[in-house]
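with the sequence up front, the predicted model follows.
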Amino acid sequence: MKRGSPTGIFAVLAAALLWGTTGTAATFAPTVGPLAMGAAALGIGGILQAAIAAPSLRRERPALSSHRGTVIAGAAAVVIYPLAFYSSMHLAGVAIGTVVSLGSAPIASGLLERVIERRSLSGWWMLAATLGIAGSAVLCAAKMHDAPSETLPTVAGVILGLVAGATYAQYSWSAHRLMNHGVGRAAAMGAVFGLGGIALMPVLLLTGAPLLASTQAIMVAAYMALIPIFLGYLLFGYGLTRVTASTATTLTLAEPAIAASLAVVIVGERLPAIGWAGLAGICASLLVLSLAPATQASAAEPSRSSELPVRQEV
């Protein structure tokens, strides 16, 4: 596999660009609550992923059935993730909500491997965790100093961002575990996202009325489900066949940078200089985790990278 295939690099960067627009796009439907937006985006997008993976799902039904606990755990995380993620952006702002959610996910992934797989955390992980926590603290302090009245919403948004990061890591770990047990990538992701998408439909039915209130809201919801979620995952999957996983992970660092930039330029959010320093700390944390393994294999098992398999081919 070529490490730097131009078409693979372009596909991964294009996916990161699409993912980075989700928070800004949601602001164009201000009457739609974060729960409805999250349920529409990942619910519909997840069902579409399952639909195109239908042949693989039928073929690998026995393997999926034997690992149903992993599938259910991943699907549960898929349900929680968008609700926490969009609520985080709603409360703390697009820049903070996106960066905290994305920045905490690799750290959560390392902790997950430590607890479940008993893998020792490396010195690189410790450095990355320190950078990420410090960056998040600085970012939140900057927002609170700049707008003291928004202290409680910001804190709540950061907490929900951490929940989003943890569930982001959980559904990625579940899909990765299925693949490690011989389930194909399409079937693993189709099962986890399809089941999660179906479970999100009641939330969409209960909260989604504002999505139908205007043409603009319908267009935003359609964009979120079809472009960043559905098309974005397909592009990333295509890219993974042409660049190494570590290269793809590094390239997706463009996502939080894009999200923060769009929040400032289009949405009009303001961040003081110290806030940008906090963003830089979180990006540095992600960079360290993308270039070095977060955990170390025990002596009894072969060494392998614990890169967060956040985006997988469907």
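Happy to help now that I have it. Just so it is clear, the structure is predicted and the values come from calculations on it, not from any experiment.

now the strands for the stretch 101-250 of the chain?
Remark: strands assigned in the stretch 101-250 of the chain by DSSP state E, counting those that start in this stretch are 120-121.

give the rounded mean pLDDT of the longest helix belonging to the chain.
Using DSSP state H, we find that the single longest helix of the chain is helix 151-180. Averaging pLDDT along helix 151-180 yields 86.

which parts of it are buried?
Buried residues in helix 151-180, counted by 16 or more other C-beta atoms under 10 Å: 154, 157-179. (C-beta placed from N, C-alpha, C; glycine too.)

helices or strands up against it?
For helix 151-180, the elements it packs on are helix 68-92, helix 94-117, helix 123-146, helix 185-207, judged by 3 or more C-beta pairs under 8 Å, 6 or more residues apart in numbering; DSSP states H and E.

as a markdown table, the ones you listed with distance to Gln49, mean pLDDT and mean neighbour count would be great.
A markdown table is the format used below for the helices and strands packed on helix 151-180 (distance: least, C-beta to C-beta, whole Å; pLDDT from 0 to 100; neighbours: other C-beta atoms under 10 Å):
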| stretch | distance to Gln49 | mean pLDDT | mean neighbour count |
| --- | --- | --- | --- |
| helix 68-92 | 10 | 93 | 23 |
| helix 94-117 | 19 | 78 | 24 |
| helix 123-146 | 29 | 74 | 19 |
| helix 185-207 | 5 | 92 | 23 |
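
can you tell which of those helices is closest to Ser56?
Across the helices and strands packed on helix 151-180, Ser56 has its closest neighbour in helix 185-207 (4.1 Å, C-beta to C-beta).

circling back to that earlier point, CSV for the helices and strands packed on helix 151-180, including distance to Phe236?
Compiled in CSV, the helices and strands packed on helix 151-180 are given as follows (distance: least, C-beta to C-beta, whole Å):
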stretch, distance to Phe236
helix 68-92, 16
helix 94-117, 14
helix 123-146, 22
helix 185-207, 11
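
closest one to Ser285 among the ones you listed?
Among those, helix 123-146 comes nearest to Ser285, with 3.5 Å by C-beta to C-beta.

quick check: angle from the closest one to helix 151-180?
With axes from the mean of the first three to the mean of the last three C-alpha atoms, to 10 degrees as the basis, helix 123-146 and helix 151-180 are set at 150 degrees to each other.

dump helix 123-146 to PDB, restricted to CA.
Only the C-alpha atoms of helix 123-146 are listed here, as PDB (Å, rounded to 0.1, in the frame of the first residue of the first chain):
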ATOM      1  CA  GLY A 123       4.800   7.900  27.700                       C
ATOM      2  CA  TRP A 124       3.600   9.400  24.400                       C
ATOM      3  CA  TRP A 125       0.000   8.900  25.600                       C
ATOM      4  CA  MET A 126       0.800  10.700  28.900                       C
ATOM      5  CA  LEU A 127       2.200  13.600  27.000                       C
ATOM      6  CA  ALA A 128      -0.700  13.800  24.600                       C
ATOM      7  CA  ALA A 129      -3.200  13.500  27.500                       C
ATOM      8  CA  THR A 130      -1.400  16.400  29.300                       C
ATOM      9  CA  LEU A 131      -1.500  18.600  26.200                       C
ATOM     10  CA  GLY A 132      -5.100  17.800  25.600                       C
ATOM     11  CA  ILE A 133      -6.300  18.400  29.100                       C
ATOM     12  CA  ALA A 134      -4.300  21.600  29.400                       C
ATOM     13  CA  GLY A 135      -5.500  22.800  26.000                       C
ATOM     14  CA  SER A 136      -9.100  22.200  26.900                       C
ATOM     15  CA  ALA A 137      -8.700  24.000  30.300                       C
ATOM     16  CA  VAL A 138      -7.100  27.000  28.600                       C
ATOM     17  CA  LEU A 139      -9.800  27.100  25.900                       C
ATOM     18  CA  CYS A 140     -12.600  27.000  28.400                       C
ATOM     19  CA  ALA A 141     -11.000  29.600  30.700                       C
ATOM     20  CA  ALA A 142     -10.600  31.900  27.700                       C
ATOM     21  CA  LYS A 143     -14.300  31.500  26.800                       C
ATOM     22  CA  MET A 144     -15.400  32.100  30.300                       C
ATOM     23  CA  HIS A 145     -13.200  35.200  30.700                       C
ATOM     24  CA  ASP A 146     -14.400  36.600  27.400                       C
END
